[in-house]
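[1] fold the stuff below for me.
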Amino acid sequence: MDSEWRELTLGEVTHWSSGGTPKKDVVEYWDGDIPWISASSMNGTRFSDSNLRITEEGLKHGSRLAPKESVLLLVRGSSLHNRIPVGIATRDVAFNQDVKALQAKSEFITPWYLLFWLMAHEKFLLESVVEYTGIGAGKLDTKRMQALPFLVPPKKIMGQIDTFVKALDDQTILLRETNATLEAMAQALFKSWFVDFDPVHANAGTRPASLPPEVQALFPSTFTETSQGLVPEGWTPGKVEDLLELAYGKALKAADRTEGAIPVYGSGGITGSHNQALVDGPSIVIGRKGTVGSLYWEDRPFFPIDTVFYVKTEKSLSFCFYLLQTLGLEGMNTDGAVPGLNRNNVYRLPIVTPCDAVFKAFDEAVAVIRGRIFTNNTHAQTLATLRDTLLPRLISGQLRLPDAEAVLAEAVA
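    Okay, here's the model as predicted:
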């Protein structure tokens with residue numbers, strides 16, 4: 001470490017503030033223009049929006065504003081046993097009481113450097129999580145955090161680290177945004193073929209044809225009346241159970257996992273890794289407990305734990321994935337003592353399936369999109385892993401920037 005690096009504490013280089021929640025039953029406080037950040041909206045490393053928004057009145061009566069470039073850190077919640085959600089606000093946002101807003105003191109550090117410092121120390125922070133209220137939620141000891149030693153590099157080195165790591169983060173975000181666009185394209189194709197029946201209407205002469213002639217010819221030109229309403233002639237009304245099986249995942253506690261490259265899936269997505277797979281893949285993972293109805297496509301071998309289902313089918317897996325997105329599974333939470341998704345309720349949902357030739361055509365069309373998504377995901381994961389590997393050494397002064405740039409160049413060559 002360079003002798004010009006100074007050792008302070010996290011508390012000395014930051015200002016901290018707490019958020020809050022406006023009363024949920026006061027309509028004037030909600031559905032406004034101010035993003036309200038909570039655990040559910042802390043995905044990625046940039047925060048600019050959320051599912052819930054509050055009004056200026058809501059801000060005055062229960063929450064707090066985090067100015068642009070504040071670093072938001074989740075300090076209380078069930079996810080803290082697996083990861084520490086943290087990110088930077090790219091606009092002014094409000095936040096709830098489970099979140100702390102940290103502002104970098106400009107005489108010491110930049111906001112981006114603060115973000116990267118927290119990301120680099122995630123493993124240490126996870127070790128300091130304690131049980132909160134006995135209900136499985138975790139809590140970070142903020143006073144202990146504020147006392148953590150914080151190495152402050154010279155301004156020039158700090159700026160270089162900011163630029164290098166932010167560029168890595170930007171590339172990862174761009175790949176994921178590209179994938180969101182690709183997913184939207186696949187969803188639009190599914191809707192056109194299997195919800196709006198555009199190719200059938202085109203064959204009937206009521207809408208313009210947009211498919212290659214050989215694909216367009218696979219669709220009928222008329223509809224038939226069924227118990228589920230009008231469906232394309234020759235297509236089969238049925239139920240979800242006719243199409244797929246929802247198989248149960250298997251319990252795998254974090255303490256029982258062996259380090260490996262196999263992703264472990266819970267209802268909130270990937271929760272870690274293991275050295276053995278339960279499913280060869282590709283398949284679809286569906287949240288059963290916790291984040292009910294969540295959906296994930298996985299191309300690789302993986303291990304689904306007992307809070308999820310995974311899909312088995314002899315039909316088009318792509319069709320199943322985009323169909324499941326239309327069924328409202330997230331709203332099918334049962335009223336039992338332990339809320340969750342009942343697979344028998346899913347099995348009873350009505351669907352309409354096409355002939356095998358249409359299944360095949362859809363698979364072929366979507367395979368191109370899913371192939372690009374897989375490639376982008378792989379690249380994004382490589383960059384994220386590289387970022388997380390290099391960050392602790394850069395932040396501690398153990399790794400010089402030219403050496404980090406050489407590692408990056410070799411990894412992406």
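[2] in the stretch 1-150 of the chain, what spans have low per-residue confidence?
    Within the stretch 1-150 of the chain, the ranges that satisfy pLDDT under 70 run 1-3, 78, 81, 131-136.
[3] please enumerate the helices of it.
    Assigned by DSSP state H, counting those that start in this stretch, the stretch 1-150 of the chain shows helices spanning 56-60, 111-120, 122-127, 142-146.
[4] mind listing the helices for the stretch 251-400 of the chain?
    Under DSSP H, counting those that start in this stretch, the stretch 251-400 of the chain gives helices at 317-324, 343-347, 356-396.
[5] just list what the shortest one packs against, helices and strands only.
    Spelled out, it's helix 343-347. strand 245-248 (3 or more Cβ pairs under 8 Å, 6 or more residues apart in numbering; DSSP states H and E). C-beta coordinates here come from the backbone N, C-alpha and C atoms, glycine included.
[6] buried set for the strand it packs on?
    Residues of strand 245-248 classed as buried by neighbour count (16 or more other Cβ atoms under 10 Å): 246, 247.
[7] what of stretch 111-127?
    Across stretch 111-127, burial judged by 16+ other Cβ under 10 Å covers 111-122, 125.
[8] over to the closest residue to residue 21 other than its chain neighbours: give its phi and psi.
    Take residue 21 and drop its neighbours on the chain: the residue closest to it by Cβ to Cβ, 6 or more residues apart in numbering is residue 96, 5.0 Å away. Dihedral pair for residue 96: phi -100, psi -180, per degrees, to the nearest 10.
[9] so residue 115 makes contact with residue 70?
    No. Counting by Cβ atoms under 8 Å, residue 70 is not a contact partner of residue 115; they are 10.0 Å apart.
[10] just for the stretch 151-300 of the chain, where's the confidence low?
    If you take pLDDT under 70 as the line, the stretch 151-300 of the chain has no such spans.
[11] got the domain ranges for this structure?
    What automatic domain parsing lists as the domains of the chain is 6-150, 181-355.
[12] residue 159 is nearest to which of these?
    domain 6-150 (7.6 Å; Cβ to Cβ).
[13] distance between the ends of that closest one?
    Domain 6-150 has its terminal residues 8 Å apart, counting by Cα to Cα, to the nearest Å.
[14] so who does the closest residue to residue 377 other than its chain neighbours touch?
    Sequence neighbours aside, residue 179 is the residue nearest to residue 377 in space, at 6.6 Å (criterion: Cβ to Cβ, 6+ apart). Taking Cβ atoms under 8 Å, 6 or more residues apart in numbering, we find residue 179 in contact with 373, 376, 377, 380.
[15] most neighbours among the residues you listed, which one is it?
    residue 373 (22 neighbours; other Cβ atoms under 10 Å).
[16] and the pLDDT at it?
    Here the pLDDT value assigned to residue 373 is 96.
[17] that one is in contact with residue 184, isn't it?
    No. Residue 373 is beyond contact range of residue 184, at 11.3 Å (criterion: Cβ under 8 Å).
[18] ramachandran angles for residue 23?
    Torsion angles, degrees, to the nearest 10, at residue 23: phi -60, psi 130.
[19] tell me the contacts of it?
    Contacts of residue 23 (Cβ under 8 Å, 6+ apart): 29, 61, 62.
[20] may I see the ChimeraX selection of the buried members of those residues?
    Entered in ChimeraX, the line below selects the buried ones among the contacts of residue 23, by 16+ other Cβ under 10 Å:
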select :29,62
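[21] re earlier: quick check: which of the domains of the chain is nearest to residue 385?
    domain 181-355 (10.7 Å).
[22] how far does that closest one sit from the chain's center?
    Chain-centre distance of domain 181-355: 18 Å, with Cα atoms, centre = their mean, to the nearest Å.
[23] same check, this time on stretch 53-61
    Distance, stretch centre to chain centre, for stretch 53-61: 27 Å (Cα atoms, centre = their mean).
[24] roughly how far apart are residue 67 and residue 102?
    11 Å (Cβ to Cβ, to the nearest Å).
[25] the two: which is more packed in?
    Taking neighbours as other Cβ under 10 Å, residue 67 and residue 102 compare with residue 102 leading, 24 against 12.
[26] who does the more buried one bridge with?
    For residue 102, the beta-bridge partners under DSSP bridges are residue 16, residue 71.
[27] contacting residues around it?
    14, 15, 16, 70, 71, 72, 73, 114, 118.
[28] which of those residues sits closest to residue 197?
    Ranked by distance to residue 197 (Cβ to Cβ), these are led by residue 72 at 44.6 Å.
[29] correct me, but that closest one touches residue 90?
    No. Counting by Cβ under 8 Å, residue 72 sits too far from residue 90 to count as a contact (10.9 Å).
[30] which residues do those two both contact?
    residue 47.
[31] which one's more surrounded, those two?
    The neighbour comparison of residue 72 against residue 90 (other Cβ under 10 Å) goes to residue 72, with 23 against 13.
[32] and the more buried one, what does it touch?
    Neighbour list for residue 72: 37, 42, 47, 66, 86-89, 93, 95, 99-102 [criterion: Cβ under 8 Å, 6+ apart].
[33] picking that back up, of all the contacts of residue 102, which comes closest to residue 346?
    Ranked by distance to residue 346 (Cβ to Cβ), these are led by residue 72 at 35.3 Å.
[34] residue 229: which of the helices of the stretch 251-400 of the chain is closest?
    The nearest among those, by Cβ to Cβ, is helix 317-324 at 16.7 Å.
[35] need the contact list for residue 141.
    Per Cβ under 8 Å, 6+ apart, neighbours of residue 141: 128, 130.
[36] gap between it and residue 148?
    10 Å.
[37] give me the number of residues near residue 296?
    21.
[38] show me what the residue nearest to it when sequence neighbours are not counted is bridged to.
    Closest residue to residue 296 apart from its sequence neighbours, by Cβ to Cβ, 6+ apart: residue 285 at 4.3 Å. Per DSSP bridges, the residues bridged to residue 285 are residue 296, residue 310.
[39] which residues does residue 285 contact?
    249, 265, 294, 295, 296, 297, 298, 302, 304, 308, 309, 310.
[40] residue 320: neighbour count?
    19.
[41] quick one: it and residue 314 touch, right?
    No. Residue 320 is beyond contact range of residue 314, at 10.5 Å (criterion: Cβ under 8 Å).
[42] dump the contacts of residue 72 to TSV, plus distance to residue 257.
    Formatted as TSV, those follow (distance: Cβ to Cβ, whole Å):
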residue	distance to residue 257
37	31
42	24
47	30
66	35
86	24
87	26
88	31
89	34
93	35
95	32
99	29
100	30
101	34
102	32
